[in-house]
Each structure stands twice: as structure tokens, then as C-alpha cells.
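S.K.: fold the following, please.
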Amino acid sequence: MKNLAIILFLSAFTSISAQSLDTNRYDSNNKKTGFWIEEDRYRVEAYYLNGKLHGLYKSYYRNTQTLATFGHFTNGSPTGIWYYFHENSSLIAVLKQVKVNTEHTYQGDGGNMIMPRYTSFLTEYHPNGQVKGEGQIIYDDFEIDFIKIGIWKCYTNKGVVIVCKD
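M.R.: Residues are numbered from 1 along each chain as shown. Here you go, the predicted model:
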């Protein structure tokens, strides 16, 4: 929880300091560079280098302006630890060990085998802050859907193991 408090503090601090930056710039090759603020499904504050996401990344819920996602990119790929929050600011999930997926596939709607771009270790949380589940996932977009793979541990909201999925 101490780390979470630090993240929320830094998030607020960087949002305030980011407002004074020169934003949404292109370099001489017409590629995004520096600090950008973009509005879509979420309000996104992110850094770019050579047209790729590179550095701190934060997204906010548009209705409440509360933090939705906090993480880091390196050369266009998510790296490090990622934090996901509910609109009420409670922790939804933590994503660790982000790697390029080179082995796990699943069968798509048309019967084709699909190999998502990333694999990670995900820890999900109950609204009371207790771990809800943990295991490996595969996915393409770090803010959208994922597929659980391998062995998963699931817990009650009191922390008792209830299910292991393979």
C-alpha cells in the first residue's frame, strides 16, 4: 500500500507539472515527441520518442478525472509494473513481468490461431483490497481484453484460496 500511495502522489504531481509543458509536438520527421495529452475513451498523458510511446503513461476516466492506468513504455512496448484502478480509485489489478509473447496462442472466432503480442503476470483485487486472483495472461492491447492461461489461483475476499484453474 505504501507503493500505491507513492504512485498516487507522483501521478498528481506529474499531472500538475505536465500542464506547464509544451505539449502535443511533432519532431522534424513528423513523429510524435515529448509530452502528449490526448482525449479518447480516456484522457491520456504520455511521453513519445520517435513516434513511439516511451516513458511514463497515465490514463484517466473522462467522467471523474480519476486515475485509470499508470505504467511505463519503452520504445512503444509496455514495461515494468502497471497499475489499474476503478473510477472510485480502488485498485483493480497489477500487471508485472510484461514480455513479448512468442509461444501462447488461442483460437479466434473464425477458427484461426491467434498469437497475442504480450504475456504478463496479473494480480486482480477484490473491492476490499484483498487479492481476487493471480496468474498468467496473454493480450494485444494493455488496456483492453486479456486471456487467462496456465494455472490461476483465485481467492475469497478474505484471502482464502478457493479455485485453481488450469
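S.K.: where does the residue lying farthest from the centre of the chain land in three-state SS?
M.R.: The outermost residue of the chain relative to its centre, with distances by CA atoms, centre = their mean, is Ser28 at 30.0 Å. With DSSP: H, G, I helix; E, B strand; the rest coil as the basis, Ser28 sits in coil.
S.K.: any idea how far it lies from Arg41?
M.R.: Ser28 sits at a distance of 31 Å from Arg41 (criterion: CB to CB, to the nearest Å). To be clear about C-beta, it is placed using only N, CA and C from the backbone, and glycine gets the same treatment.
S.K.: who are the contact partners of the closest residue to Thr74 other than its chain neighbours?
M.R.: Closest residue to Thr74 apart from its sequence neighbours, by CB to CB, 6 or more residues apart in numbering: His54 at 6.3 Å. With contacts defined as CB atoms under 8 Å, 6 or more residues apart in numbering, His54 is in contact with Tyr47, Tyr48, Phe73, Thr74, Asn75, Gly76.
S.K.: what residues sit buried inside the helix or strand Ala93 falls within?
M.R.: With secondary structure defined by DSSP states H and E, Ala93 is part of strand 91-100. Neighbour counts over strand 91-100 (16 or more other CB atoms under 10 Å) mark Leu91, Ile92, Ala93, Val94, Leu95, Val98 as buried.
S.K.: let me see the domain layout of this protein.
M.R.: 1-89, 100-166 (automatic domain parsing).
S.K.: least reliable of those domains going by mean pLDDT?
M.R.: Lowest mean pLDDT within those: domain 1-89, a mean of 85.
S.K.: CA atoms only for stretch 60-67, dumped as CSV, please.
M.R.: Extracted as CSV, the C-alpha positions of stretch 60-67 are listed here (Å, rounded to 0.1, in the frame of the first residue of the first chain):
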residue,chain,number,x,y,z
TYR,A,60,-7.8,9.0,-16.5
TYR,A,61,-11.5,8.3,-16.5
ARG,A,62,-13.2,11.1,-18.5
ASN,A,63,-16.2,11.5,-16.2
THR,A,64,-14.3,11.7,-12.9
GLN,A,65,-10.8,12.5,-14.0
THR,A,66,-9.5,9.8,-11.5
LEU,A,67,-6.5,7.7,-12.4
